[in-house]
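>>> Next comes the sequence, and after it the predicted model I'd like to discuss.
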Amino acid sequence: MGHLLIPVLVGVTSVAAYLVGAKGLRLSHGCFRKAVRRMLESLGVTLIFLGVNLGAAVIVILAARALTREFVSLYLAADETLLVLSLIQALIFQGWRDLSGANVSRS
Amino acid sequence: MKPRQMKAPGRPRRMAWADLCSLLGGVGLAFFLVSAFTPLPNLLSRSMGDPSSLEPAEAIVVLGGGVMPDGVLSNSSMRRALHGILLHRKGLAPLLVFFGPVRDGGPAEAEVRAELARALGVTPGVILAAAEARTTGEEALRGGALLHARGVRRILLVTDAHHMRRARTAFEQAGFEVLAAPAQDLSSRVSRPEERLEVMRRIVEERLARLYYGLAGYL
């Protein structure tokens, strides 16, 4: 049962947040679906950044091995910080696209 | 009028990009949820490893697993080393070979493990520390040459269960008869989401490593 703690906990707080948003803050139901879709889009951009970062890391490591006598392990590319940094890149990129789109619409 | 004319051709492209990213994000989220909250990693983990075949051999070969610059062995390295030492104490082979290179100017992993074996009562004369090889492929080639020179043909190979199939193929290609002696560093019966994610990460990592070895012609 212990392994169900996290999903149940997050499920309960998610329902609570939805109720606070819908009833307390009177947020739009239609916008909720858009927000979920926006989250998936940001997640997709994160995975694209992650793929590009991983590919670049492998190329740099193989180039370093070929061009220098220094041995660099490919396992260096499998660093969990790359996922977090890719998420940051994706959020900035998405925000940039949104704000640029808004500016173009206004102009 | 001009901004509208500009927007018309751009909008479908923007939508296509958004759809593609949403689809990718959905697949990524589903993969995360399945990996963390279902037994899929456990099932995949069981199917990846070779079964243990503990029979007498001419040498116990313990592959490298990582060492810190201050000489502290990684968990994986320590488990492999202890497994190799136990197999030797059981009398399964007369020679105990430790691999593991130097990292960031610290001591060689192979030497640290050899010291551990000596401290645990293994006779110094039967321990061989090979610190030159840095990858599984190099361990099979360089270590292979070292062992062939001593007339060793049949080995007990000690590495993680996930890593065993790739390592086994590399050593078989180097001319050895390989008996798998996997050291379990991650249980396939984990149930916490964090542990399942770690198992899935190792599975994906090893799959990519096999792909790389295949593309590079090592396998």
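That came through fine. Computed from a predicted model, the values in this text were never measured in an experiment.
>>> so how far is the longest helix seen in chain A off the chain centroid?
With DSSP state H setting the assignment, residue counts place helix A:29-67 as the longest helix in chain A. With CA atoms, centre = their mean, to the nearest Å as the basis, helix A:29-67 stands 7 Å off its chain's centre.
>>> packing partners for that helix?
Helices and strands touching helix A:29-67, by 3 or more CB pairs under 8 Å, 6 or more residues apart in numbering or on different chains; DSSP states H and E, are helix A:81-106, helix B:2-37. The C-beta positions use only the backbone N, C-alpha and C, and glycine is treated the same way.
>>> where's the first one relative to the chain centroid, distance-wise?
In this case it means helix A:81-106. With CA atoms, centre = their mean, you get 10 Å for helix A:81-106.
>>> low-confidence ranges in the chain?
By default, I'm working from chain A. A:1, A:102-107 (pLDDT under 70).
>>> wrong one, I was asking about chain B
Using pLDDT under 70, the flagged stretches of chain B are B:1-14.
>>> Tally up the residues packed near residue B:30, please.
Look at residue B:30: counted by other CB atoms under 10 Å in any protein chain shown, it has 10 neighbours.
>>> where's it relative to residue A:87, distance?
Note on residue B:30: its distance to residue A:87, by CB to CB, to the nearest Å, is 18 Å.
>>> Distance to residue B:203 added to the helices and strands packed on helix A:29-67, as JSON lines?
Listed next are the helices and strands packed on helix A:29-67 as JSON lines, based on distance: least, CB to CB, whole Å:
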{"stretch": "helix A:81-106", "distance to residue B:203": "16"}
{"stretch": "helix B:2-37", "distance to residue B:203": "9"}
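>>> buried stuff in stretch B:17-35?
The neighbour-count check on stretch B:17-35 (16 or more other CB atoms under 10 Å in any protein chain shown) flags B:18, B:21, B:22, B:24, B:25, B:26, B:28, B:35 as buried.
>>> Flag every residue of chain B that's near chain A.
Chain B has residues B:3, B:6-7, B:14, B:18, B:20-26, B:28-29, B:37, B:101, B:134-135, B:191-193, B:201, B:205, B:209, B:212 near chain A, with proximity defined as CB under 8 Å from any CB of the partner chain.
>>> Please repeat the previous calculation with a cut-off of 6 Å.
Contact residues, chain B versus chain A (CB under 6 Å from any CB of the partner chain): B:18, B:21-22, B:24-26, B:28-29, B:37, B:134, B:191-193, B:205.
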